[in-house]
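Student: make a model of this:
(chains A and B)
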Amino acid sequence: MSKIYDYLDERLSITELRKFGEKKTVPLHKYSFWYYWGGISLLCFLIQLITGILLMIYYKPGPDAYNSVRAITYDVDFGWLVRSAHSWSATIFLLSVFVHMFSVYFMKAYKKPREFGWWSGMALLILGLLFGFSGYLLPMDELSFTATKVGLAIPENIPVVGHAIANLMRGGLEVSEITVQRFFAWHAVVLPLLYLPLLMFHLFLVQKHGNAIPESEEAVPVAQRKTIPFFPNFLLKDLAMWLFTLNVVAVMASLFPPDLGKMADPLGPAPVGVHPEWYFMSSFETLKLIGRVITGTIGEAVGITIFTLGMVLWCLIPFYDVNTPGGLKGKRATYFGLFCLGVLLVTTLLGYFVG
Amino acid sequence: MSKNPSNNPSIEPVEDEISRASFIKVTVGGMCLAYAAAIGYPVYRYLNSPVAREAAMSAVTDVALPGADKLPLGGVLLFKFGPYPSMLIHHKDDSWVAFDSVCTHLGCTVQYHPEQDKIVCACHGGQYDSHTGANVSGPPPKPLTKFNVKVATGTVTVTRA
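Tutor: Sure, this is the predicted structure:
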């Protein structure tokens, strides 16, 4: 055993890596719990990668899409479980990404020198949402067909170039099997190719700058701050969180596998109670609410403009909230974060229980 | 974990540490194995699903070929026996034979040459007797699998010999 270790160590410098991991520290304080959510997102992404490759073995984009998902769900051994794990870990992935983003925001971990961590994270979030949007169409049942039609109406509202963009995304004037083929190319090739290098960059920055500490901890004198070694202490805790997450995915996937609705019928009416996936519910509901106040396409345009502006502001927060701990700008940034979180939660709940 | 410390107060702490470490090693190792199995088994079954289906198909013992009794003298009909390509030959002497068309050498699909009255494999030049299926020339190590043929009006039934 030690001979194998020596052989590998001489060539791969394992001891050096271990020493590095032992020397690297992770801050320990009452908000340390929030450090795990990036790791949970990473695990879910890895589950997505593996279950996605497994689904690709039987999935057929294009005109056979619905029937191939039917076969995966009902004919292939454990196909329902692989599909369910893919769907559930997508949900837990986006949930943990949101928690990660808000915890980074409220810990003000976007401040110098971590701005690029924030921006790359935002880009990863947008790609994650596009993964969700493109993946949702792939089964090509009634619900996914309708949700995609509605979703593509959003780029349709962009002034001047909106129609052209929506048509290019659809590959036609209406959602069809050509759209499924395109969305599959996005979902399984283009988005992963964009996502993986960006993820590497994001992780490199986390390693380079280390964990940010919240302002309350920054007030503590350096000598009194507590830390734990990254290896093995933090890594083991991280792995324990992974194991917990894996169990949650496994239990949810086994007990609540996703339905497959009726095959999409381009001539059929939209099914009753159609609504987007939960991670788009907030924007769906907000557009609906704004549409009630300002009717017509103008309402839609106003809604989309507000969203875009909000997203831009959210991304630019490192420029506004610069290094003045406890300052007025810092407090305003926190209030803006609470406001955004509140709007997100309230509109999502409204979408489910009122809309 | 074989010793109970309360029964043996003289136990040395060092020994206890070692047994605890090895206990954790075994437990963690066992858990890892259990997880690997819990994930590996469904993934194996998922990937193996079409194989399992074809294996079930290959368990068939007979295939009915409706209308095959009209096959002319010297004619050949290609059909699937379960998942495997197979051939039915109606010889000029009015005898009927059926073979599994998978070459016993490296698995290419063989073909019947009526003018030479031979079954040949294009991949490596293997040749088989078209009446018995015996390997007569080239690399094939074994004869072709022969099926039983029953001809009735309107149908030919091929059964596993």
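Student: in a strand, B:Ser86, correct?
Tutor: Yes: counting by DSSP: H, G, I helix; E, B strand; the rest coil, B:Ser86 is found in a strand.
Student: ok, now which ones touch it?
Tutor: With contact taken as CB atoms under 8 Å, 6 or more residues apart in numbering or on different chains, B:Ser86 is in contact with B:Val63, B:Leu78, B:Phe79, B:Lys80, B:Ala98, B:Phe99, B:Asp100, B:Ser101, B:Phe147, B:Val158. No exception for glycine: its C-beta is placed from N, CA and C like everyone else's.
Student: surely the third one meets B:Asp62?
Tutor: No: in this structure, B:Phe79 sits apart from B:Asp62 without contact. The criterion is CB atoms under 8 Å, and the distance is 12.0 Å.
Student: so what are the domain limits for chain B?
Tutor: Using automatic domain parsing, the domains assigned to chain B come out as B:1-57, B:62-160.
Student: looking at those domains, which is buried most?
Tutor: Ranked by mean neighbour count, these are led by domain B:62-160 with a mean of 16 (mean count of other CB atoms under 10 Å in any protein chain shown).
Student: quick one: average confidence on that domain?
Tutor: Per-residue pLDDT values over domain B:62-160 give a mean of 94.
Student: what helix or strand does residue 20 sit in?
Tutor: You didn't say which chain, so I picked chain A. helix A:14-23 (DSSP states H and E).
Student: sorry, I should have been clearer: chain B.
Tutor: Here B:Arg20 sits within helix B:13-57, counting by DSSP H and E.
Student: mind giving me the packing neighbours of that helix?
Tutor: Under the contact definition 3 or more CB pairs under 8 Å, 6 or more residues apart in numbering or on different chains; DSSP states H and E, helix B:13-57 sits against helix A:36-56, helix A:79-106.
Student: in stretch A:278-297, what's buried?
Tutor: A:Tyr279, A:Phe280, A:Met281, A:Ser282, A:Ser283, A:Phe284, A:Glu285, A:Thr286, A:Leu287, A:Ile290, A:Gly291 (16 or more other CB atoms under 10 Å in any protein chain shown).
Student: off-centre distance for it?
Tutor: Offset of stretch A:278-297 from its chain centre (CA atoms, centre = their mean, to the nearest Å): 21 Å.
Student: dump that stretch to CSV, restricted to CA.
Tutor: Output in CSV follows, covering the C-alpha atoms of stretch A:278-297 (Å, rounded to 0.1, in the frame of the first residue of the first chain):
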residue,chain,number,x,y,z
TRP,A,278,-41.1,26.8,-9.5
TYR,A,279,-37.9,28.7,-10.4
PHE,A,280,-39.8,30.7,-13.0
MET,A,281,-42.9,31.1,-11.0
SER,A,282,-41.8,34.4,-9.5
SER,A,283,-41.2,36.1,-12.9
PHE,A,284,-44.4,34.5,-14.3
GLU,A,285,-46.5,35.8,-11.4
THR,A,286,-44.8,39.3,-11.5
LEU,A,287,-45.6,39.6,-15.2
LYS,A,288,-49.1,38.6,-14.5
LEU,A,289,-49.5,41.2,-11.7
ILE,A,290,-48.0,44.0,-13.8
GLY,A,291,-50.2,42.9,-16.7
ARG,A,292,-53.2,43.6,-14.4
VAL,A,293,-52.1,47.1,-13.8
ILE,A,294,-50.8,48.0,-17.2
THR,A,295,-52.7,46.0,-19.8
GLY,A,296,-51.5,44.9,-23.2
THR,A,297,-48.1,44.3,-24.6
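Student: residues contacting that stretch, please?
Tutor: Here stretch A:278-297 makes contact (CB under 8 Å, 6+ apart) with A:91, A:94, A:98, A:129, A:132-133, A:150-151, A:157, A:275-276, A:299-300, A:302-304, A:306-307, A:343-344, A:347-348, A:350-352, A:355.
Student: intersection of neighbour lists for B:Phe79 and B:Asp62?
Tutor: Each of B:Val158 lies in contact with both B:Phe79 and B:Asp62 under the rule CB under 8 Å, 6+ apart.
Student: restricted to strands, list the contacts of stretch A:278-297.
Tutor: Nothing among these maps onto strands, per DSSP state E.
Student: one step back: list the neighbouring strands of the following helix or strand past the helix holding A:Phe20 plus their orientation.
Tutor: Downstream of helix A:14-23, the next assigned helix or strand under DSSP H and E is strand A:25-28. Here strand A:25-28 has these sheet partners by DSSP bridges: strand A:226-229 (antiparallel).
Student: now do the buried residues in the partner strand.
Tutor: Within strand A:226-229, the residues scored as buried using 16+ other CB under 10 Å are A:Thr227.
Student: using PDB, list the CA coordinates for the helix or strand just after it.
Tutor: Next helix or strand after strand A:226-229 toward the C-terminus (DSSP H and E): helix A:235-255. Taking Å, rounded to 0.1, in the frame of the first residue of the first chain, the C-alpha atoms of helix A:235-255 are listed here in PDB:
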ATOM      1  CA  LEU A 235     -13.700  18.500   3.500                       C
ATOM      2  CA  LEU A 236     -15.200  15.800   5.700                       C
ATOM      3  CA  LYS A 237     -18.000  18.100   6.800                       C
ATOM      4  CA  ASP A 238     -18.600  19.000   3.100                       C
ATOM      5  CA  LEU A 239     -18.700  15.300   2.200                       C
ATOM      6  CA  ALA A 240     -21.200  14.700   5.000                       C
ATOM      7  CA  MET A 241     -23.400  17.500   3.500                       C
ATOM      8  CA  TRP A 242     -23.000  15.800   0.100                       C
ATOM      9  CA  LEU A 243     -24.100  12.500   1.600                       C
ATOM     10  CA  PHE A 244     -27.200  14.200   3.200                       C
ATOM     11  CA  THR A 245     -28.000  15.800  -0.200                       C
ATOM     12  CA  LEU A 246     -27.600  12.600  -2.000                       C
ATOM     13  CA  ASN A 247     -30.000  10.900   0.400                       C
ATOM     14  CA  VAL A 248     -32.600  13.700  -0.100                       C
ATOM     15  CA  VAL A 249     -32.300  13.400  -3.900                       C
ATOM     16  CA  ALA A 250     -32.600   9.600  -3.600                       C
ATOM     17  CA  VAL A 251     -35.700   9.700  -1.300                       C
ATOM     18  CA  MET A 252     -37.500  12.400  -3.300                       C
ATOM     19  CA  ALA A 253     -36.700  10.700  -6.600                       C
ATOM     20  CA  SER A 254     -37.900   7.400  -5.400                       C
ATOM     21  CA  LEU A 255     -41.100   8.600  -3.800                       C
END
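Student: now do helix A:235-255: distance to the chain's middle.
Tutor: On CA atoms, centre = their mean, the centre of helix A:235-255 falls 17 Å from the chain's centre.
Student: try stretch B:147-161
Tutor: With CA atoms, centre = their mean, you get 23 Å for stretch B:147-161.
Student: ends of stretch A:315-327, how far apart?
Tutor: Stretch A:315-327 has an end-to-end distance of 20 Å (CA to CA, to the nearest Å).
Student: about what we covered before: can you put the contacts of B:Ser86 in CSV and add secondary structure?
Tutor: Compiled in CSV, these are given as follows (three-state DSSP):
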residue, secondary structure
B:Val63, strand
B:Leu78, strand
B:Phe79, strand
B:Lys80, strand
B:Ala98, strand
B:Phe99, strand
B:Asp100, strand
B:Ser101, coil
B:Phe147, strand
B:Val158, strand
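Student: which one of those is nearest to chain A?
Tutor: Distance to chain A across the contacts of B:Ser86 (CB to the nearest CB) is lowest for B:Lys80, with 19.8 Å.
Student: beta partners of the closest one?
Tutor: Beta-bridge partners for B:Lys80, by DSSP bridges, are B:Pro85.
Student: ok, it to B:Met87 distance?
Tutor: 11 Å (CB to CB, to the nearest Å).
Student: cool, and A:Pro257?
Tutor: The gap separating A:Pro257 from B:Met87 is 44 Å, by CB to CB.
Student: circling back: do you know which of the helices and strands packed on helix B:13-57 lies nearest A:Gly21?
Tutor: Ranking the helices and strands packed on helix B:13-57 by proximity to A:Gly21 (CB to CB) places helix A:36-56 first, at 14.9 Å.
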